[in-house]
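Asks: here you go, sequence then predicted model.
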Amino acid sequence: MPKLTDRERLAKIEADQHNLAQEAEAVRRGLRAHYGKLTMELPVEKLSEREFRDVLAQAIRVGGAVALAALKALSAQSEGPAGKRLPAKAGAAPRAKPGVAPPHGPEAGENQAAPQP
């Protein structure tokens, strides 16, 4: 086989790059279509469009394994002792029993902010 000139080698390399880029784009579209079909099986209507996009964008940004670990930790954290759910809102105080007044003064304890120096 005759040796290619530098100009011919460059043209061949550029053609190969172009073909590989087209192939990569086709595979990317197929993969995204497949993942789109998977979402049809999920109750995504529970999220707003913005929440859906933000959750996916953050999961993609940090990586799937890290995102799953964080979500599992959050889920485990929201479970109290014996599987009881803790309040959904961050910083929300547990509800008092009907007919029982909430504690006042030092017994109120944990929910009071510490004085700033």
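Replies: Here it is on my side, so go on. Numbering: from 1, shown residues only.

Asks: domains of this structure?
Replies: 1-42, 44-77 (automatic domain parsing).

Asks: what's the most buried one of those domains?
Replies: Mean neighbour count (mean count of other Cβ atoms under 10 Å) peaks for domain 44-77 among the domains of the chain, with a mean of 11. To be clear about C-beta, it is placed using only N, CA and C from the backbone, and glycine gets the same treatment.

Asks: distance between the ends of that domain?
Replies: End-to-end distance for domain 44-77: 23 Å, by Cα to Cα, to the nearest Å.

Asks: now stretch 36-46
Replies: Taking Cα to Cα, stretch 36-46 runs 17 Å from one end to the other.

Asks: mean confidence (pLDDT) on it, please.
Replies: Averaged across stretch 36-46, the pLDDT comes to 94.

Asks: where does the prediction get shaky in the chain?
Replies: 1, 80-117 (pLDDT under 70).

Asks: now the helices for it?
Replies: 6-39, 49-62, 64-77 (DSSP state H).

Asks: who touches stretch 43-53?
Replies: Stretch 43-53 is contacted from outside by Val55, using Cβ atoms under 8 Å, 6 or more residues apart in numbering.

Asks: could you export stretch 49-65 as PDB, CA atoms only?
Replies: Backbone C-alpha positions of stretch 49-65 (Å, rounded to 0.1, in the frame of the first residue of the first chain) are rendered in PDB as follows:
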ATOM      1  CA  GLU A  49     -41.800  20.600  34.800                       C
ATOM      2  CA  ARG A  50     -39.100  22.700  36.500                       C
ATOM      3  CA  GLU A  51     -38.700  20.300  39.400                       C
ATOM      4  CA  PHE A  52     -38.400  17.400  37.000                       C
ATOM      5  CA  ARG A  53     -35.800  19.200  34.900                       C
ATOM      6  CA  ASP A  54     -33.900  20.400  38.000                       C
ATOM      7  CA  VAL A  55     -33.800  17.000  39.600                       C
ATOM      8  CA  LEU A  56     -32.500  15.300  36.500                       C
ATOM      9  CA  ALA A  57     -30.000  18.100  35.800                       C
ATOM     10  CA  GLN A  58     -28.600  17.900  39.300                       C
ATOM     11  CA  ALA A  59     -28.400  14.100  39.200                       C
ATOM     12  CA  ILE A  60     -26.600  14.200  35.800                       C
ATOM     13  CA  ARG A  61     -24.300  17.000  37.100                       C
ATOM     14  CA  VAL A  62     -23.200  15.100  40.300                       C
ATOM     15  CA  GLY A  63     -23.500  11.600  38.800                       C
ATOM     16  CA  GLY A  64     -26.100   8.900  39.300                       C
ATOM     17  CA  ALA A  65     -24.400   7.000  42.200                       C
END
